[in-house]
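Starting from these lines, generate the structure:
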Amino acid sequence: MRNSEFTPNQSTKGVADKGEVNWRTLVAPYAKPETRRAIGQLLNTGLPFIAIMLVMLLALHYGFLAAAILFPVGAVFLVRLFMLQHDCGHGSFFAAGWANNLLGWVLGVLTLTPYTPWRKDHAVHHAGMGNLDRRGIGDVTTLTISEYLALPKWRRRVYRLYRHPLVMFGIGPIWVFFLRNRIPTGNPRRQWRNWVSTLGTDAALAVILVTLLLTLGPVSVLLGWMPVMLLAATIGVWLFYIQHQFEDVYWKPRASWDFRAAALTGSSFYDLPQPLRWLTANIGFHHIHHLSSKIPNYRLRKCHVENPVFQTAPRLTLLGSLKCARLALWDTEHRKLVPFSALAGR
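Modelled structure (predicted):
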């Protein structure tokens, strides 16, 4: 692994003037799961989510509008549950591996995300994020300008369609969570764990849906459960997108790629308002998460605040992040993401 190209500033309280920052030493105190806090998060997220869903489904008997006010509330709590599952996948939520895996599998049923194959793909994403030669697994497909121009016209149209915001954040969430996640992939003999996880998640999900259909009827599923899942999926896709799709993001070929530089300049610091920071389980401190995925979500902000060197990461606000939806191509010459309009005249 090459030395980081990330240059600390003088606000590191004496760390920078000692030469290369020892990143492992900086993050080590925070990479410690705490069972009591983890259980507290599970309770303050899981119980409200269940209560909200029950009230919302029952409210549908009194009319759609009576339940509609709870749709976004249920969706954001489901997003937070996904973030807890995300920690489980990194082995950072509980200290015990079996506890992480058990909870991760259960939450995967609620989030429509089979735990085992997702964890594997997400690990690949972490291992090669920002590496131009390792694109394609667990990330948003991104082409360089030269790659795009080398495509035949019909494939350019397909890529433009794929990167269109209405597809990325409209059709994309439906495809990923409702369709692709339902189908096991890989050889069933060599990757049987993926098959067991996917089919097991599908079976558990079927039991939940059949129970809802038999007890509350199809209206509750179509106008209650479905809108919450769709909205949560859209929010989830947006959060994943904005963490690595901004103008000055880091992309390098394998020969010059560096893990630490990719983490600190290839992952955004999504500076959300406090309520949204809580609901997204601090996932906005994504630069620190990529530097050390073993830090639990409940310690990410503390690590950021207490180490000013991390505060130099690319910062995005909620409003400012919206313009990133139009970015689509990596400009290798200027080393930044650009929209299709940058190709005018080419």
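
quick one: the strands in this protein?
Using DSSP state E, the strands assigned to the chain run over residues 143-144, 269-271, 315-317, 327-331, 336-339.

Take the ones you listed and lay them out in TSV including mean pLDDT.
Putting the strands of the chain into TSV (pLDDT from 0 to 100) gives the following:
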stretch	mean pLDDT
strand 143-144	96
strand 269-271	95
strand 315-317	93
strand 327-331	96
strand 336-339	96
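
could I get the ones you listed as a markdown table with distance to Leu212?
Where C-beta positions appear, they are placed from N, C-alpha and C, glycine not excepted. As requested, the strands of the chain are exported to a markdown table (distance: least, C-beta to C-beta, whole Å):
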| stretch | distance to Leu212 |
| --- | --- |
| strand 143-144 | 41 |
| strand 269-271 | 34 |
| strand 315-317 | 38 |
| strand 327-331 | 39 |
| strand 336-339 | 42 |
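
In a markdown table: these, plus mean neighbour count and distance to Asn282.
Converted to a markdown table, the strands of the chain look like this (neighbours: other C-beta atoms under 10 Å; distance: least, C-beta to C-beta, whole Å):
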| stretch | mean neighbour count | distance to Asn282 |
| --- | --- | --- |
| strand 143-144 | 18 | 31 |
| strand 269-271 | 20 | 10 |
| strand 315-317 | 16 | 15 |
| strand 327-331 | 20 | 24 |
| strand 336-339 | 17 | 25 |
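
Out of those, the one nearest Trp105 is which?
Set against Trp105 and scored by C-beta to C-beta, the strands of the chain come closest in strand 269-271, at 27.7 Å.

Could you count how many residues lie near the closest residue to Lys336 other than its chain neighbours?
Nearest-residue entry for Lys336: Glu247, 5.1 Å, with adjacent residues in sequence omitted and distances by C-beta to C-beta, 6 or more residues apart in numbering. Counted with other C-beta atoms under 10 Å, the neighbours of Glu247 add up to 15.

now do Gly108
Using other C-beta under 10 Å, Gly108 is surrounded by 28 other residues.

That one against Thr198, yeah?
No - the pair Gly108 and Thr198 does not pass the contact test of C-beta atoms under 8 Å, sitting 9.5 Å apart.

What is the burial count for Asn153?
Not Asn; residue 153 is Lys. Burial of Lys153 is recorded as 7 neighbouring residues (other C-beta under 10 Å).

so who does the nearest residue to Leu329 once chain neighbours are set aside touch?
Excluding the flanking residues, the one nearest Leu329 by C-beta to C-beta, 6+ apart is Ile145, at 5.1 Å. Under the criterion of C-beta atoms under 8 Å, 6 or more residues apart in numbering, the contact list for Ile145 reads Leu329, Trp330, Asp331, Thr332, Val338, Ala342, Leu343, Arg346.

could you list every residue that touches the nearest residue in space to Tyr250 that is not next to it in sequence?
Excluding its sequence neighbours, the residue lying closest to Tyr250 (C-beta to C-beta, 6+ apart) is Gly266, at 3.2 Å. The contact partners of Gly266, by C-beta under 8 Å, 6+ apart, come to Met129, Gly130, His244, Val249, Tyr250, Trp251, His290.

Looking at those, point me to the pair that's furthest apart.
Greatest spacing in the contacts of Gly266, by C-beta to C-beta: Trp251 and His290 (14.1 Å).

Quickly note the distance from the spatially most central residue of the chain to Ser146.
Using C-alpha atoms, centre = their mean, the residue of the chain that lies closest to the mean C-alpha position is Phe240, 3.7 Å off. Taking C-beta to C-beta, to the nearest Å as the criterion, Phe240 is separated from Ser146 by 26 Å.

can you check Ile69 too?
Distance, Ile69 to Ser146, using C-beta to C-beta: 49 Å.

which one of the contacts of Ile145 is nearest Leu319?
The closest of the contacts of Ile145 to Leu319 turns out to be Val338 (C-beta to C-beta; 20.7 Å).

Double-check Val249 against Pro314; I have them as touching.
Yes - taking contact to mean C-beta under 8 Å, the distance of 7.3 Å between Val249 and Pro314 places them in contact.

With neighbour numbers in mind, choose between these two.
In this view Val249 and Pro314 are compared by other C-beta under 10 Å, and Val249 has more residues nearby, 23 against 18.

Name the spans of the stretch 1-150 of the chain whose pLDDT lies under the cut-off.
Within the stretch 1-150 of the chain, the stretches with pLDDT under 70 are 1-21.

Let me see the ranges of the helices in it.
For the stretch 1-150 of the chain, the helices defined by DSSP state H, counting those that start in this stretch occupy 23-27, 35-59, 64-68, 71-89, 97-110, 115-128, 145-149.

rewinding a little: any idea how far the residue nearest to Tyr250 lies from Leu337?
Gly266 sits at a distance of 11 Å from Leu337 (criterion: C-beta to C-beta).

list residues touching both of these two?
With C-beta under 8 Å, 6+ apart as the test, Gly266 and Leu337 both reach Val249.

picking up where we left off before, select, out of the strands of the chain, the one closest to Val55.
For the strands of the chain, the distance to Val55 is smallest for strand 269-271, at 30.3 Å, taking C-beta to C-beta.
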